[in-house]
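Peer 1: Build me a structure from this.
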Amino acid sequence: MTDLKNTFKNAKDKVIGKTKETVGKITGNEESELKGKLQSKKAELKEKFDESKEKLAKKINDKLDEKEEEKENK
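Peer 2: Take a look at the predicted model:
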């Protein structure tokens, strides 16, 4: 399971980023809008990276378990 702390931080960064982006659009502040977009995208990338790490760890654990079972069955 992905670390709950990272999951919460990524969700928080997405919300804050979208908020900054919206405020930037409403006020016509291009810099704030861009910063918001970047913060949201960064959170999305971190989320995907965390998911990939979790999938990789599961595959490695499954292979190690499989090898251990083969050893025990011999």
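Peer 1: Run through the helices of the protein in chain order.
Peer 2: Secondary structure of the chain by DSSP state H: the helices cover 4-27, 30-73.
Peer 1: Of the ones you listed, flag the one that's most buried.
Peer 2: With neighbours defined as mean count of other C-beta atoms under 10 Å, the helices of the chain peak in mean count at helix 4-27, which reaches a mean of 14. All C-beta atoms are positioned from the backbone trio N, CA, C, and that covers glycine.
Peer 1: Need the mean per-residue confidence for it.
Peer 2: If you average the pLDDT over helix 4-27, you get 94.
Peer 1: Contact partners for the residue positioned nearest the centre of the chain?
Peer 2: Geometric centre of the chain, nearest residue: residue 47, 0.9 Å, by C-alpha atoms, centre = their mean. Listed by C-beta atoms under 8 Å, 6 or more residues apart in numbering, the contact partners of residue 47 are 7, 10.
Peer 1: try the one 3 residues further on
Peer 2: The neighbours of residue 50, taking C-beta under 8 Å, 6+ apart as the test, are 2-3, 6-7, 10.
Peer 1: Which of these sits closest to residue 43?
Peer 2: For the contacts of residue 50, the closest approach to residue 43 (C-beta to C-beta) belongs to residue 10, at 4.6 Å.
Peer 1: so that closest one touches residue 40, yeah?
Peer 2: No. In this structure, residue 10 is not within contact of residue 40 by C-beta atoms under 8 Å, at 10.1 Å.
Peer 1: rewinding a little: CSV for the contacts of residue 50, including distance to residue 22?
Peer 2: Shown next, in CSV, are the contacts of residue 50 (distance: C-beta to C-beta, whole Å):
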residue, distance to residue 22
2, 27
3, 29
6, 25
7, 23
10, 19
